[in-house]
Every structure is written in C-alpha cells, then in structure tokens.
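*Asks:* Provided below for reference: sequence and predicted model.
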Amino acid sequence: MLKISFLSSLFLVLFISSGIQIIAESNEDFIINKIDHKVDFPNNISFIFEGFSEKKISDIKVNFKTGDRKALQYGYMDFKTDEENNVSGIMDFRISTTGGYIPPGSTINWHLIFYFDDGTQFISEDYEFIMLDTRFDDWEYLDGDNIRIYYRYSKSRAEKLLFECEQLLLTMAPIIDISSSSNYKKIHLTLYNNYSEMLGAIRSKSKTSDRQLVTAGQAFDESSVVLVLAGKNDIGTSTHEIMHVLVGRKTEGSINLPLWLNEGLAEYANRDKTISYDLYLDWAIGTNQLKPLSQLRSFPGDPKLTLVAYGQSRSVINYLIDNFGETGMNVLLTNISKGKTIDEALINAYGFDLDTLDSDWRKSIGAGPYELREESVVEVNDISSGSCRSNNLIFALPLLLLYSVKNIKRFF
C-alpha cells in the first residue's frame, strides 16, 4: 500500500507483465489510475500516465535511469485534462539516436514528478522493468548467480554459455573483485540467433568496419548489458564482452581506462581465444604497423589495424600478468578507479610508466622500436561518446591476407 499523506489517498500497487499499474482505492483530489510503459525497440520507450486531479497540473516530469548509470535522464509528458478532470499523459523517449541509445536487456528504473499550479508537487514511487528487443515476443531466460541470459529457441546453447560465463567470473575474481553481496547486479546477456536479427540492436562502429567486419558482440558496462551473436565463437564473444562490463565496474567507468587495457583484459578473459589476432599481430610486427600504446586510445578506422589492435592489446596484458601476476593488474585497475592517469597507475602498481611498458613489451615479442610511417596514417574514430561505452569484439570474415613481405617467413 502506498500512502500519500498530503493528499490522504491510498493506492494499491499491482505489477503486470507489460509494466506497472497503480489503482486508486479512494477518490480524493488527485488519483493515479495507471502508470505504465510501452517499448517499441529500436525506436522508443513510451511512459504513460492516466489519473484524476482536481488540482491543476502544470507539468508531469519523467525521471529514469538505465542500469548502473549515475545520471538521471528526463523528459516531460504531453498531457491533457478533460472537463471531468481526468488526466492522460505520455512521453516518448527515442532510443534510436546515438545519445539516447539503450541496449536491449537494460534495466530501466523510473518515476514521475507532478507539479501543480499551487506550487506543490508529488513524486511517485520508483518503477522498474527490463527493456527487451520487442521485435521478437518469444524471449526466454536462464538465471545464474551473476548472469542472466535472454535467448530464443536454443536453451541448450544458452545453458552452455551460462556455465562458461559463470566460470569466467570465478577465474577473473583476483583481477576484478567479484562481489558476493546480494546487491551485486546481474549482467544481462541477450543472445541473437543470426546477424540480421542482431544488426537492428547493435551500435554501429564505423561505415568502413560495418562493410568489412562482422560485429559478434557488444558490451555496455553502464547498463550491465551484453549483446552476443550465436554461433561457433559465442563462448569467446560472451566471455570477452562480459569482461568489459566487469572492468567497467572495477574502474567505475573511468575515462582514464585506455583501449589497449580494456580490450587486452577482455581477450585475456576470453575462454575460446581465436588465433587470427596473433596472425595480425605477427603481420604488424613485420611491417612496422604496431602503434605505440599511448596512441591506442580508440580503434583505427582501418579494419586490418583494428584487428592488430586486438592482438597487440592481448599480448601486452599477457606480458603484464605473466611477469607481474594478477595482483598487480588488480592494483592497476584500482588506481584507475581512483582517478589516476595511466602513467600514474602503472608507476604505482609496477614501478614503470607507459613508455617503458611499451618498450619492454616490444623487446619481449621481438619488435623493434616504433618508427613513424607517414604512408600508413589512417583515420581514427572515437567511439567513446554517447550514453554508454560500446566495446566490440570483431571477427574478420577472412583470415590474414598473405602479403608479399619477405621477412615474415612464418606466414608461408
């Protein structure tokens, strides 16, 4: 029962599958008859109100929050009052824009604020729902201790993924401090059966990448959501993407988390690693295509160099953990969560800065010092903007093209 003291009204809260309705028990000067929501993915979310008010309403504000985001988003309802003081209102929030995008599987928490002409206001209870991809109405789910998987048709595949993902959290605990608290929020994984279905849900990386690479998964750490394409690589994709969420939580979404560290840890956690990244890394070593770590802040626009970036990032993390252990990596991420720059975090955790790490790692893999190649300058696209961080695990359609590079004998 919800008690509204200043209006002396009582409300019975009823939870229904399509949203939350509130039915008034008494007829006072302000009554909520219905509070609901409707999802039309990937277009918009509609927040709906119906009620009665003898007091004139000046505004109805919708406050809502997605997943673990700290900031509220808001909008104002379009509403009307008829001659009998019945009020109806709706606010449509577009989720198809870059800034407004919300991934399917997100938990939405929201409430309404009613402003009256006499200067008073009323704040409703908080309501919560899971926003699914409503293009399909046959979603089912499996729950683990830390993961929930939404799937269609293939329960056995979902069961296999759930097991692997739960095992991931156990093995990565020394690095990212998995909490056993009852308040620990589950990560939601939405599994798509084919790329045509998934294409309508993912965020585009770049036009070039979209043409030449297949996006097999995306992670949204602030929403605690992962999107995965089902197939022979889905275990690797799922564990890679879930690690992004875990790293995002560990670092508290710090803007000081560099791409090489984020992607490298995701590949370190990958429970079904692909060798194609190693092939691209070897090619980059032989052709001087390795970027300095200080420049790996975002993905290159060239798809080949994007794959090199994955291989390079994975190799650097392996170097750090193999030589200094998982405890050092935990300290590094903790430093970043406290606002330290990557140089400050590295010095505190390991005793050396980023340039030293880059130099020592290059020596360990047999790569020479970085030399600027003017002819190989490529476009860099910043994908960190928008309402949530998106980290793509991308698989090349072909393996590495065999370039005529005489000094890379291992390719032939």
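*Replies:* Done, it's in. Here the structure is a predicted model, which is why all the values come from computation and not from measurement. Numbering: from 1, shown residues only.

*Asks:* so where is the chain shaky, pLDDT-wise?
*Replies:* Applying pLDDT under 70 to the chain flags residues 1-27, 179-184, 204-213, 372-412.

*Asks:* Partner strands of the host helix or strand of residue 63 and their direction?
*Replies:* Using DSSP states H and E, residue 63 maps to strand 57-66. Using DSSP bridges, strand 57-66 pairs in its sheet with strand 73-76 (antiparallel), strand 106-116 (antiparallel).

*Asks:* Point out the most buried one among those strands.
*Replies:* Compared across those, strand 106-116 shows the largest average neighbour count, a mean of 19 (mean count of other Cβ atoms under 10 Å). All C-beta atoms are positioned from the backbone trio N, CA, C, and that covers glycine.

*Asks:* Please spell out which residues along the helix or strand following that strand are buried.
*Replies:* Per DSSP H and E, the first helix or strand lying C-terminal to strand 106-116 is strand 121-123. Buried residues in strand 121-123, counting neighbours by 16 or more other Cβ atoms under 10 Å, are found at residue 122.

*Asks:* One more: stretch 254-261?
*Replies:* If you call a residue buried by 16+ other Cβ under 10 Å, then stretch 254-261 has these buried ones: 254, 256, 257, 258, 259, 260, 261.

*Asks:* end-to-end on it?
*Replies:* 12 Å (Cα to Cα, to the nearest Å).

*Asks:* One more: stretch 95-106?
*Replies:* Using Cα to Cα, first and last residues of stretch 95-106 are 12 Å apart.

*Asks:* I figured residue 307 hits residue 278, correct?
*Replies:* No: the pair residue 307 / residue 278 is not scored as a contact, 10.4 Å apart, by Cβ atoms under 8 Å.

*Asks:* of all the buried residues of stretch 254-261, which two lie farthest apart?
*Replies:* Longest distance between any two of these is 14.6 Å, between 254 and 260; criterion Cβ to Cβ.

*Asks:* Can you list the residue ranges for helices in the protein?
*Replies:* 155-176, 195-199, 207-212, 234-250, 259-269, 276-287, 303-337, 342-350, 354-365 (DSSP state H).

*Asks:* For the longest one, enumerate the helices and strands it packs against.
*Replies:* Secondary structure elements in contact with helix 303-337, counted by 3 or more Cβ pairs under 8 Å, 6 or more residues apart in numbering; DSSP states H and E, are helix 155-176, helix 207-212, helix 234-250, helix 259-269, helix 276-287, helix 342-350, helix 354-365, strand 391-396.

*Asks:* one step back: quick one: which of residue 307 and residue 278 has more around it?
*Replies:* residue 307 (25 against 15; other Cβ atoms under 10 Å).

*Asks:* who's in contact with the closest residue to that one other than its chain neighbours?
*Replies:* Of all residues not flanking residue 307 in the chain, residue 280 sits nearest, at 4.4 Å (Cβ to Cβ, 6 or more residues apart in numbering). With contacts defined as Cβ atoms under 8 Å, 6 or more residues apart in numbering, residue 280 is in contact with 304, 307, 308, 310, 311, 400.
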